[in-house]
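>>> From the sequence below, what's the structure:
(chains A, B and C)
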Amino acid sequence: MSLETLLQRSVWAQGLTPAQRERVVAEIQVRPVESGGYVCRKGDPSHAWFGVIDGLVKIATASASGKSVTFTGVPAGAWFGEGSVLKRENRKYDVMALRDSVLAHMPIATFDWLLDTSIPFNRFLTLQLNERLGQFIAAVEHERLLDTDARVARSLSSMFNPTLYPSDDTTVQISQEELSYLAGVSRQRVNLALKVLEQAKLVKVDYGVLTILDLEGLREFGM
DNA sequence: TCATTAAATTGTT
DNA sequence: AACAATTTAATGA
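Coordinates of the predicted model:
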């Protein structure tokens, strides 16, 4: 994908005037990140709002003892990081590329200007924040109520939220180990869960790649 | 293009 | 957690 394509697919950018759009394009910086590299680290000052042009990143933290928890995987087409930008605080989480990725950095000044001048931009942010809140509430609910297979199914489907990540791509390039960090279970258990989900014809499992065959079925699996 | 090798990922215990 | 098997990517003939 290119920056242009990302903007074409972003609802907030569709609602900009040509002049606004021109300024946005001029001020966004495009930066590649290699697999395993950091987009930003916990504690970094928040200089920009991020868009994923290509690849896949995760938002995560590592505990003092070294255990890592992934909060969400963020696929191409998504925008994230507005929380810390809005609050003028340092980053609260690490953001790492799970494979070679390309990120759009919108400077905080551009972000603030859109916030002051564009209704569609504000509408988008409200929608996105609301959608995220729903997603994390649901994540807590599912963690406590669902069995492991269903939790893996939900973790996987969370990366295909059509509101947060509009895309027609039905594949994710992610290892089972990374999916285990996202679901909060062991890699071995993810391996078993994927076999169950594959049996149910909800996903197709290939080397390093998962293909969603039935998103609705994945969402409702085990409920 | 094919063979070899290293690295990553998966499958199993 | 450990280990074997499999797949991919890179390298060079």
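>>> Please make it C-alpha for all contacts and neighbour counts, starting now.
Will do.
>>> Now do the contacts for the spatially most central residue of chain A.
The structure's chain A has its C-alpha centroid closest to residue A:74; by CA atoms, centre = their mean the separation is 1.8 Å. The contact partners of residue A:74, by CA atoms under 8 Å, 6 or more residues apart in numbering, come to A:52, A:56-59, A:159.
>>> biggest helix in chain A, by residue count?
Using DSSP state H to define each element, chain A has its longest helix at helix A:119-145.
>>> Let me know how buried residue A:148 is, in neighbour terms.
For residue A:148, the count of nearby residues is 19 (other CA atoms under 10 Å).
>>> Would you map the helices across chain A?
A:3-9, A:11-14, A:18-27, A:82-87, A:108-117, A:119-145, A:148-157, A:176-183, A:187-199, A:215-220.
>>> Of those helices, which is nearest DNA strand B?
With CA to the nearest atom of the strand, the closest approach to DNA strand B among the helices of chain A belongs to helix A:176-183: 3.6 Å.
>>> picking that back up, ok, and the most crowded of the contacts of residue A:74?
Of the contacts of residue A:74, with other CA under 10 Å as the count, residue A:57 tops at 27 neighbours.
>>> Run through the bridge partners of that one.
Assessed by DSSP bridges, residue A:57 has beta-bridge partners residue A:74, residue A:97.
>>> Show the pLDDT at it.
Per-residue confidence at residue A:57 stands at 96 (pLDDT).
>>> Spit out the contact partners of it.
A:73-75, A:95-99, A:101.
>>> Kindly provide the distance from it to residue A:175.
Computed as CA to CA, to the nearest Å, the residue A:57 to residue A:175 distance reads 13 Å.
>>> again with residue A:117
For residue A:117, the distance to residue A:175 equals 41 Å [CA to CA].
>>> One more: residue A:218?
The value you get for residue A:218 to residue A:175, if CA to CA is used, is 18 Å.
>>> ok, the two, which is more surrounded?
residue A:218 (24 against 16).
>>> Spit out the contact partners of the more buried one.
Contacts of residue A:218 (CA under 8 Å, 6+ apart): A:153-154, A:157, A:197, A:202.
>>> so which of the residues you listed comes closest to residue A:214?
residue A:202 (4.9 Å; CA to CA).
>>> surely that closest one meets residue A:214?
Yes - with contact defined as CA atoms under 8 Å, residue A:202 reaches residue A:214; the gap is 4.9 Å.
>>> Of these two, which one has the most company?
residue A:202 (21 against 15).
>>> what's near enough to touch residue A:41?
A:91, A:93-95.
>>> can you check residue A:176 too?
By CA under 8 Å, 6+ apart, residue A:176 lies in contact with A:187, A:190-191, A:208.
>>> So which of the helices of chain A is nearest residue A:167?
helix A:3-9 (8.3 Å).
>>> quick one: the closest one to chain centroid distance?
Here helix A:3-9 is found 16 Å from its chain centre; the criterion is CA atoms, centre = their mean, to the nearest Å.
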